[in-house]
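>>> got a structure for you, letters missing:
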């Protein structure tokens with residue numbers, strides 16, 4: 001029977017076992033999980049994506065419904081009414097973003113007592129050198145500047161897909177290089193970047209962890225989405241990645257490999273695996289289900305609040 005001298009040894013061994021890696025391979029390749037002093041702290045947040053069909057300005061296009069059309073300030077008000085932080089997802093800002101707009105939103109959130117937990121960039125980094133890759137990096141840096149002005153501590157970013165021009169291994173290398181460049185920029189502005197497990201080259205936990213361990217920056221980690229591992233055992237895979245998480249997005253459902261339908265997320269199990277990893281940070285509900293979010297989100301927020309504080 002294994003004996004672990006520290007909690008970190010246990011987490012390291014758990015990650016190795018979950019991914020089928022030998023201890024020697026782990027020691028040779030991997031960085032340590034994020035060191036955190038003290039006890040786990042799980043703080044409730046809500047992603048603006050949860051109301052994606054209701055925002056008045058989505059790249060200057062009309063929302064898909066006129067019912068209760070909202071702006072980001074209205075979303076912040078909703079978060080204030082439900083006592084949670086706000087992830088002000090970048091997709092729902094005006095097309096032309098000014099410093100005045102950002103500062104007014106920051107002031108509004110402050111006066112409502114609503115922390116801004118972060119934002120998101122719809123990028124892809126698995127591109128070969130060229131104008132499109134340069135644009136993806138430039139757009140990410142622009143949003144790092146926006147986040148810094150908002151005092152948003154975190155931005156979730158994405159990897160992308162392998163293409164006919166780049167194998168998965170080549171795409172991972174390209175992704176690592178772009179992330180390191182953006183992390184260097186982000187660190188100088190006090191913003192942490194979190195790579196989301198969002199299909200493509202990070203659909204499997206081993207590939208996600210390979211990228212995360214290879215990036216040389218203290219301003220980087222995993223944006224752990226509980227609904228995005230469509231694997232044999234999503235909870236085991238989430239547990240393997242949790243020691244590297246800098247932000248967590250919680251979905252109301254999961255779907256295992258081979259399943260044709262979703263199953264409800266076990267929120268208590270999610271909270272436990274985060275505590276076992278000594279996670280300290282935001283746990284943001286990101287609602288994607290079919291039920292009207294104005295009815296479903298308050299209920300799920302309370303269920304998530306109970307799970308993370310229980």
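That came in fine, so what should we check first? Given the structure is predicted, the values throughout are model-derived calculations rather than measurements.
>>> what's the burial count for residue 131?
8 (other Cβ atoms under 10 Å). For glycine as for every other residue, the C-beta is placed from the backbone atoms N, C-alpha and C.
>>> Okay, it and residue 152: tell me how far apart.
Residue 131 is 28 Å from residue 152, where distance means Cβ to Cβ, to the nearest Å.
>>> tell me the helices in the protein, going along the chain?
Using DSSP state H, the helices of the chain run over 7-19, 23-29, 72-81, 99-111, 131-150, 168-187, 205-214, 234-241, 267-276, 293-309.
>>> deepest of these, which one?
Burial of the helices of the chain is given as mean neighbour count (mean count of other Cβ atoms under 10 Å); helix 234-241 ranks first at a mean of 22.
>>> Now do that helix and helix 205-214, the angle between them.
Per axes from the mean of the first three to the mean of the last three Cα atoms, to 10 degrees, the angle that helix 234-241 makes with helix 205-214 is 10 degrees.
>>> any idea how far residue 89 lies from residue 40?
Distance of residue 89 to residue 40, computed by Cβ to Cβ: 26 Å.
>>> I misspoke; the intended subject was residue 268.
Residue 268 is 14 Å from residue 40, by Cβ to Cβ.
>>> hang on, the earlier thing: least confident of the helices of the chain, on average?
Of all those, mean pLDDT reaches its minimum on helix 23-29 (a mean of 36).
>>> quick revisit: looking at residue 89 and residue 40, which is more packed in?
Neighbours were counted for residue 89 and for residue 40 using other Cβ under 10 Å; residue 89 has more, 24 against 16.
>>> Pull the contacting residues for the more buried one.
Taking Cβ atoms under 8 Å, 6 or more residues apart in numbering, we find residue 89 in contact with 47-49, 119-120.
>>> what about 10 Å?
Shown in contact with residue 89 (Cβ atoms under 10 Å, 6 or more residues apart in numbering): 47-52, 55, 72, 75, 118-122, 156, 284, 286.
>>> Out of these, which end up buried?
Buried members of those, scored by 16 or more other Cβ atoms under 10 Å, are 47-52, 55, 72, 75, 118-121, 156, 284, 286.
>>> Tell me which two in these are the farthest apart.
51 and 121 (18.9 Å; Cβ to Cβ).
>>> I'd like the helices of the chain laid out as TSV, including distance to residue 249.
Listed next are those as TSV, based on distance: least, Cβ to Cβ, whole Å:
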stretch	distance to residue 249
helix 7-19	20
helix 23-29	26
helix 72-81	15
helix 99-111	19
helix 131-150	16
helix 168-187	18
helix 205-214	14
helix 234-241	11
helix 267-276	11
helix 293-309	11
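>>> out of the ones you listed, nearest to residue 194?
With Cβ to Cβ, the closest approach to residue 194 among those belongs to helix 205-214: 9.5 Å.
>>> quick one, that closest one and helix 168-187 angle?
Using the same axes, to 10 degrees: helix 205-214 against helix 168-187 is 40 degrees.
>>> for helix 205-214, packing partners?
Applying 3 or more Cβ pairs under 10 Å, 6 or more residues apart in numbering; DSSP states H and E, one finds that helix 205-214 contacts helix 7-19, helix 23-29, helix 168-187, strand 192-196, strand 220-225, helix 234-241.
>>> what residues are up against the closest residue to residue 306 other than its chain neighbours?
The shortest distance from residue 306 to any non-neighbouring residue, by Cβ to Cβ, 6 or more residues apart in numbering, is to residue 267 (8.0 Å). The neighbours of residue 267, taking Cβ under 10 Å, 6+ apart as the test, are 226, 250, 252, 283, 285, 300, 303-308, 310.
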